[in-house]
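>>> The following comprises the amino acid sequence and a computationally predicted model.
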Amino acid sequence: MDTSGGSQFYFGHCAKCNKEVLGAEKACQALGQIFHQTCFTCSVCDKRLQGKPFYTVTGTIYCEEDFLYSGVHPSPEVCFSCDQIITDMVVQARGKTYHSACFRCVVCKESLEDLPFTVGPDEKVYCIDDYHKVQAPCCAACNKPILPTEGCTESIRVVLFNKNYHAECYGCEVDFV
């Protein structure tokens, strides 16, 4: 209790130093406990944490920087593309994690975040257009790739005796079969 005769309120004992916490302007609450504002600090760098992001591992309190970079982070997300720790938004695709800036088409290097993509037989990630350009079968008659028509995502081809043809080229080849 307040024995000083002043108007300070007693909040309890600080979870870190176990001394009385008197006065709302000197108290903070975190993890269901009361702390002096000066006692609620990172266990590594002693930075004050009131009003800032913090993490706990087995009861030890860390600021965001020390949690992410001091080795206490239990399972850091590492970008599959650049092999660096991901500290912001994570893109997950193909069972792997990426920085949003690293999740790109292997051909045109355009970001694939929030865009349709596909994985080729080489296990590389492609935008749909480049996948068709790189992986499309070639027509046995004209030797050009069989690509989807503009505005479509699928291509039409005729397969005859393990050879691929554009639908319009197939008619020319019937006489040669």
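Happy to help now that I have it. Numbers count the residues shown, from 1 in each chain.

>>> C-alpha from now on. contacts and neighbour counts both.
Noted.

>>> need the contact list for the residue positioned nearest the centre of the chain.
The chain has residue 90 as the residue nearest its centroid, 0.8 Å off, counting by CA atoms, centre = their mean. Residues near residue 90 by CA atoms under 8 Å, 6 or more residues apart in numbering: 77, 97, 98, 99, 100.

>>> Go again with 10 Å.
Taking CA atoms under 10 Å, 6 or more residues apart in numbering as the criterion, residue 90 is in contact with 77, 78, 79, 96, 97, 98, 99, 100, 101, 103.

>>> Taking the residues you listed, please make a PyMOL selection of just the buried ones.
In PyMOL, this line selects whichever of the contacts of residue 90 come out buried by 16 or more other CA atoms under 10 Å:
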select buried, resi 77+78+79+97+98+99+100+103
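
>>> possible to save the contacts of residue 90 as a markdown table with pLDDT and distance to residue 12?
A markdown table is the format used below for these (pLDDT from 0 to 100; distance: CA to CA, whole Å):
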| residue | pLDDT | distance to residue 12 |
| --- | --- | --- |
| 77 | 78 | 39 |
| 78 | 84 | 42 |
| 79 | 87 | 45 |
| 96 | 82 | 47 |
| 97 | 83 | 45 |
| 98 | 85 | 46 |
| 99 | 87 | 44 |
| 100 | 84 | 46 |
| 101 | 87 | 48 |
| 103 | 90 | 50 |
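
>>> So which of the contacts of residue 90 are in strands?
96, 97, 98, 99 (DSSP state E).

>>> Check what pLDDT the closest residue to the first one other than its chain neighbours gets.
Once its chain neighbours are removed from consideration, residue 96 has its nearest residue in residue 80; the separation is 6.3 Å (CA to CA, 6 or more residues apart in numbering). For residue 80, the pLDDT comes out at 86.

>>> Repeat that for residue 13.
Reading off the model, residue 13 has pLDDT 90.

>>> do you know how far it is from residue 54?
21 Å (CA to CA, to the nearest Å).

>>> Around residue 171, how many other residues sit close by?
As a burial measure, residue 171 scores 11 neighbours (other CA atoms under 10 Å).
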